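**Student:** Sequence and predicted structure, then a few things I'm wondering about:
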Amino acid sequence: MRRHAGSLVGASVLLLLVIAAIAAPWIAPQDPLGMDPSQRLRAPSALHWLGTDSLGRDIFSRTLRGGRVSLLIGLGVSTLATCVGVTLGLLAGMVRGLEAPLMRLVDAMMAIPGILLAIALVSINKPTPLVLITAIALPEIPRMVRLVRAVVLTLRGQSFIEAATISGTRPLRTVIRHILPNAAAPIVVQATFIAGLAIILEASLSFLGAGAPPEVASWGNIIASGKSYIRTAPWIILSPGAALALTVLSINLLGDGLRDALDPRLARAIR
């Protein structure tokens with residue numbers, strides 16, 4: 001019961017964050033890039049609910065607009081890594097001739113630190129959303145491949161898979177009807193984990209200056225701009241930091257709930 005309550009809370013919070021990010025121009029109509037030196041480093045007030053930064057920009061508006069960037073990156077990275085990783089994982093698990101070369105390629109990719117690979121790819125190209133999604137997704141694809149391959153190898157030894165093979169069921173039909181439904185729970189959990197990690201990595205890249213351009217409001221950029229004023233104006237980093245933590249927590253809670261719903265054995269154990 002507690003698990004379901006936690007996942008419901010996570011889904012609700014995540015939905016509110018998505019709605020707030022989409023409706024940011026109406027909820028916070030102030031220009032997130034509008035600078036007003038006379039209002040610089042103002043504490044939260046009726047005019048600026050979350051205060052202003054060193055350039056007089058409204059933190060509330062910038063935090064809501066920054067949610068668009070982070071949520072888009074998280075969704076894009078999770079989708080790309082899951083689609084590519086599941087496809088390669090199924091090939092490695094089902095086609096014996098492809099297993100060895102694919103897994104050696106995966107091992108080689110996992111030997112490169114993800115953050116360094118992302119920084120290298122972003123530094124070569126202009127940090128557009130597509131480039132950021134690709135740069136962050138590449139290090140996550142090998143983990144999805146290894147997970148799916150392990151699940152496929154486990155399921156291949158089950159009696160119902162052997163019965164389907166003996167009965168003449170085509171491999172593609174076996175994958176769609178038997179492999180994927182039974183592998184859905186771990187795939188969903190890994191996909192939500194990747195989404196949360198991607199949001200953190202995007203903020204980290206922006207904080208290091210290798211992510212979203214400075215003129216784009218993102219949580220990492222806001223935190224980076226406020227690090228020098230953490231003692232005199234802590235509200236600059238508190239708002240985007242809290243939004244970042246809340247988003248990742250809600251995604252993880254949602255992933256746990258989806259895992260429980262998709263795994264019949266776990267659902268019976270919880271009951």
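**Tutor:** Alright, I've got the coordinates.
**Student:** Okay, helices next: where are they in this protein?
**Tutor:** Per DSSP state H, the chain carries helices over the ranges 2-22, 24-27, 59-94, 96-110, 114-124, 129-137, 141-156, 159-166, 171-174, 180-207, 219-226, 235-262, 264-270.
**Student:** Return the most buried member of those helices.
**Tutor:** For these, the largest average neighbour count (mean count of other Cβ atoms under 10 Å) is found in helix 219-226, namely a mean of 24. Placement of C-beta: from N, CA and C, glycine included.
**Student:** Can you pull out the low-pLDDT segments for the chain?
**Tutor:** Filtered on pLDDT under 70, the chain yields the residue ranges 1-6, 263-271.
**Student:** Quick one: residues contacting the residue nearest the centre of it.
**Tutor:** Taking Cα atoms, centre = their mean, the centroid of the chain lies closest to Ala195, which sits 1.5 Å from it. Contacts for Ala195 (Cβ atoms under 8 Å, 6 or more residues apart in numbering) come out as Gly74, Leu75, Val77, Ser78, Ile251.
**Student:** Let's see that with 6 Å instead.
**Tutor:** By Cβ atoms under 6 Å, 6 or more residues apart in numbering, the contact set of Ala195 is Gly74, Ser78, Ile251.
**Student:** Thought Ala191 was touching the second one, still the case?
**Tutor:** Right, Ser78. Yes. Using Cβ atoms under 6 Å, Ser78 is in contact with Ala191, at 5.0 Å.
**Student:** Please name the residues that touch Gly255.
**Tutor:** Taking Cβ under 6 Å, 6+ apart, we find Gly255 in contact with Val189, Thr192.
**Student:** can I get the helices of the chain in TSV with distance to Leu41?
**Tutor:** Output for those, formatted as TSV (distance: least, Cβ to Cβ, whole Å):
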stretch	distance to Leu41
helix 2-22	25
helix 24-27	23
helix 59-94	11
helix 96-110	44
helix 114-124	30
helix 129-137	30
helix 141-156	42
helix 159-166	63
helix 171-174	61
helix 180-207	20
helix 219-226	10
helix 235-262	8
helix 264-270	50
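**Student:** Those: which one's closest to Ala43?
**Tutor:** Closest to Ala43 of the helices of the chain, according to Cβ to Cβ: helix 235-262, at 6.6 Å.
**Student:** so how far is the closest one from its chain's centroid?
**Tutor:** Taking Cα atoms, centre = their mean, to the nearest Å, one finds helix 235-262 lying 10 Å from the centre of the chain it belongs to.
**Student:** likewise stretch 57-71?
**Tutor:** Its chain's C-alpha centre and that of stretch 57-71 lie 17 Å apart, by Cα atoms, centre = their mean.
**Student:** got the contact list for that stretch?
**Tutor:** With contact meaning Cβ under 6 Å, 6+ apart, stretch 57-71 is reached by 20-21, 24, 28, 30, 32, 35, 48-51, 199, 202, 212, 217-219, 222, 239-240, 243.
**Student:** what do you get for stretch 138-148?
**Tutor:** By Cβ under 6 Å, 6+ apart, the list of residues contacting stretch 138-148 reads 81, 84-86, 88-89, 106, 109-110, 114, 117, 186, 190, 194.
**Student:** If we use 8 Å, what do you get?
**Tutor:** With Cβ under 8 Å, 6+ apart as the test, stretch 138-148 has contacts from 77, 80-82, 84-86, 88-90, 92-93, 102-103, 106-107, 109-110, 112-114, 117-118, 121, 183, 186-187, 190-191, 194, 197-198.
**Student:** likewise stretch 204-220?
**Tutor:** The contact list for stretch 204-220 (Cβ under 8 Å, 6+ apart) reads 32-33, 61-63, 65-67, 69-70, 115, 118-119, 122-123, 127, 132, 136, 202-203, 221, 223-224, 240-241, 243-244.
**Student:** Any idea how far apart the tips of that stretch sit?
**Tutor:** End-to-end span of stretch 204-220 (Cα to Cα, to the nearest Å): 6 Å.
**Student:** before we move on, what about stretch 106-116?
**Tutor:** Its start and end residues considered, stretch 106-116 measures 17 Å (Cα to Cα).
**Student:** could you list every residue that touches the closest residue to Asp256 other than its chain neighbours?
**Tutor:** Excluding the flanking residues, the one nearest Asp256 by Cβ to Cβ, 6 or more residues apart in numbering is Ser7, at 5.7 Å. Ser7 sits next to Leu253, Leu254, Asp256, Gly257, Leu258, Asp260 when contact means Cβ under 8 Å, 6+ apart.
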